[in-house]
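Student: Need a 3D model of the sequence below.
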Amino acid sequence: MEEKKVKRTAPPDKIETPKFYRRPEVLDAKTYKTDTPFGKGYVTVGRHPEKGNVEEVLFKLGKTGADIAAIADGMAIALTGMLSPRIANLSEEEKIDWIIKKFKGITGQTTVGFGPNRIDSLPDAIAKVFIKMAYGEQIEEKGEVVAEQPKKKMNNDSVDVCPQCGKATFVKQGGCTTCLPDLGGCGHSKCS
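Tutor: Residues are numbered from 1 along each chain as shown. Next up is the predicted model:
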């Protein structure tokens, strides 16, 4: 299957906000408490006060690391985009621009790369892929280039997110999985 190339003439920093109706000032919302692998989670679903349509989804995790919180933010934004009729009526190009505007710049605790290639979170990575797909270019970001800190090498297949602190430092070693303190983890350990 051939990938559809969508090329635009406007640079990513000139993306206009898509034209759609404004979110009402006040929504009728309910918050649902749920268990997650990372502790308690709270999902708030906001509905249009007159039409009853879902207008916004928010997701808040209890005590987690910034990486998981960034992913949760991205999920909530994506769900809002899928469910809200304000966004459903946009063209594909407008939807891609909406995703780029919402996901770009969401930061977590762990980054990869530096300078214009720096990725601040999973949602930020998705935004940068969409920019490359839509505009055929990398985003040039302003700011200082900081030297990347040397990191311990490990097999990425054995790394998971610690359920205690939320950092991606939960490493399987033998019959146990430990959140490695020398990688910034909390030391939490679980043996099978």
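Student: can we go C-alpha only for contacts and neighbour counts from here?
Tutor: Fine.
Student: Only the buried residues of whichever helix in the chain runs longest, if you could.
Tutor: In the chain, with assignment by DSSP state H, the single longest helix is helix 66-83. For helix 66-83, burial by neighbour count (16 or more other Cα atoms under 10 Å) applies to 66-82.
Student: quick check: domain ranges of the chain?
Tutor: Taking automatic domain parsing as the reference, the chain has its domains at 12-135, 156-191.
Student: mind putting these in a markdown table, mean pLDDT included?
Tutor: Converted to a markdown table, the domains of the chain look like this (pLDDT from 0 to 100):
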| stretch | mean pLDDT |
| --- | --- |
| domain 12-135 | 84 |
| domain 156-191 | 77 |
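Student: Go ahead and name everything in contact with stretch 31-50.
Tutor: The set of residues external to stretch 31-50 that reach it, using Cα atoms under 8 Å, 6 or more residues apart in numbering, is 24, 26-30, 53-64, 162-164, 166.
Student: Can you give the distance of that stretch from its chain's centre?
Tutor: In terms of Cα atoms, centre = their mean, to the nearest Å, the centre of stretch 31-50 is set 17 Å apart from its chain centre.
Student: what about that stretch, start to end distance?
Tutor: Across stretch 31-50, the terminal residues are separated by 19 Å (Cα to Cα, to the nearest Å).
Student: re earlier: just the buried ones among the contacts of stretch 31-50, please.
Tutor: Buried, going by 16+ other Cα under 10 Å: 27, 29, 54-61, 63-64, 162-164, 166, out of these.
Student: Please name every helix or strand in contact with the longest helix of the chain.
Tutor: For helix 66-83, the elements it packs on are strand 54-61, helix 85-88, helix 92-103, helix 122-135, judged by 3 or more Cα pairs under 8 Å, 6 or more residues apart in numbering; DSSP states H and E.
Student: Would you convert those into TSV that also reports distance to His188?
Tutor: Below are the helices and strands packed on helix 66-83 laid out as TSV (distance: least, Cα to Cα, whole Å):
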stretch	distance to His188
strand 54-61	19
helix 85-88	42
helix 92-103	31
helix 122-135	24
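Student: residues near Ser91, how many?
Tutor: 11 (other Cα atoms under 10 Å).
Student: Same question for Cys176.
Tutor: Cys176 has 12 neighbouring residues, counting by other Cα under 10 Å.
Student: how far away is it from His188?
Tutor: Going from Cys176 to His188 by Cα to Cα gives 10 Å.
Student: Arg22 too?
Tutor: Counting by Cα to Cα, the gap between Arg22 and His188 amounts to 45 Å.
Student: Compare neighbour counts for the two and give me the winner.
Tutor: Higher neighbour count among Arg22 and His188: His188, with 15 against 7, using other Cα under 10 Å.
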